[in-house]
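Q: Pasted the sequence and its predicted model underneath.
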Amino acid sequence: MKLDDTKIGLKLIVAVGVITIVINGAFSYFSISAQSDALSYQAEIHANKLSEAIKNSTLTSMLENKKEEIHAIIDTVSHEPSIMEIRILNKEGAVTFSSRKESIGKMVDKRAESCYACHTENQPLQKLSMDERTRIYKMSPDSPRILAVINPIYNEPSCYQAACHAHTKDQAVLGVLDIKMDLKDVDQQIEDSKF
């Protein structure tokens, strides 16, 4: 009888141990996943705010057609460590301003991943939600993730009424501000949280 009690006790201890390990593992997995999502979401919020700040900072220079000032603002902001590239594209898809001088004047492929949000149909979309502006991707399996934000530059009365611009009132979008940031620090925080 004592031998049976010992076997039952041992089985009970093993069962409780296995259940505890499974529960702790599941809790850890969901906790790390939630923390990863929260860190990525915070990075997206930061990138969107940065995008709005750049757009607002360049507004007066755009209205007055002061290209040197726009270049200076983009160059200054692009020195932040996590920023890979800042560029402004016109409505045709030509890079008009960029933190990478070699990109200026080049056309982007409207079928590229970064253009899907606006150019899914023959006509580009007029409005984008915050979620549709953001994309996260990798250049290669070994590279850090990249967070990119597209921020449409809308045609406002101050734009089409400005003396130096040739924009008509009908033109809804004048171009886009595109920012690419590496998520190396975010990914490192996620990795550190696994231990």
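A: That came through fine.
Q: Going by C-alpha atoms from here, please, whenever you check contacts or count neighbours.
A: Fine.
Q: Look at Lys67 and say how many residues are nearby.
A: By other Cα atoms under 10 Å, the residues close to Lys67 number 14.
Q: which residues touch it?
A: Applying Cα atoms under 8 Å, 6 or more residues apart in numbering to Lys67 gives the contacts Ser61.
Q: check contacts around Lys180.
A: When contacts are counted by Cα under 8 Å, 6+ apart, Lys180 touches Ile83, Met84, Glu85, Ile86, Ile146, Leu147, Ala148, Val149.
Q: swap the cut-off to 10 Å and go again
A: By Cα atoms under 10 Å, 6 or more residues apart in numbering, the contact set of Lys180 is 47, 78, 82-87, 134-136, 146-150.
Q: repeat for Asp192
A: If a contact means Cα under 10 Å, 6+ apart, then Asp192 has Val186 as its contacts.
Q: quick one: which of the contacts of Lys180 is nearest to Glu191?
A: Taking Cα to Cα as the measure, Glu191 lies nearest Ile146 of the contacts of Lys180, at 16.2 Å.
Q: ok, now how distant is the residue lying closest to that closest one once chain neighbours are set aside from Pro81?
A: Spatial nearest neighbour of Ile146, chain neighbours left out: Asp182 (4.5 Å); criterion: Cα to Cα, 6 or more residues apart in numbering. To Pro81, Asp182 is 9 Å away according to Cα to Cα, to the nearest Å.
Q: Residue ranges in the chain under the pLDDT threshold?
A: Residue ranges of the chain with pLDDT under 70: 1-5, 110-130, 157-169, 195.
Q: Please, where are all the strands along it?
A: Assigned by DSSP state E, the strands in the chain fall at 83-90, 95-98, 134-138, 145-154, 173-182.
Q: Turn the ones you listed into CSV, columns for distance to Glu64.
A: What follows is the strands of the chain, written out as CSV (distance: least, Cα to Cα, whole Å):
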stretch, distance to Glu64
strand 83-90, 16
strand 95-98, 15
strand 134-138, 29
strand 145-154, 16
strand 173-182, 15
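Q: on that earlier part again, which one of Asp182 and Pro81 is surrounded by more residues?
A: Taking other Cα under 10 Å, Asp182 and Pro81 do not tie; Asp182 has more neighbours (22 against 9).
Q: So the more buried one is in contact with Ser40, correct?
A: No - if you go by Cα atoms under 10 Å, Asp182 and Ser40 don't touch, sitting 11.4 Å apart.
Q: Give me the common contacts of these two.
A: Taking Cα under 10 Å, 6+ apart as the criterion, Asp182 and Ser40 both touch Ile136, Leu147.
Q: top helix in the chain by residue count?
A: Selection of the longest helix in the chain by residue count, based on DSSP state H, yields helix 2-63.
Q: by contact count, what packs against it?
A: Applying 3 or more Cα pairs under 10 Å, 6 or more residues apart in numbering; DSSP states H and E, one finds that helix 2-63 contacts helix 67-77, strand 83-90, helix 130-133, strand 134-138, strand 145-154, helix 157-160, strand 173-182, helix 184-192.
Q: Alright, that wraps it up for me.
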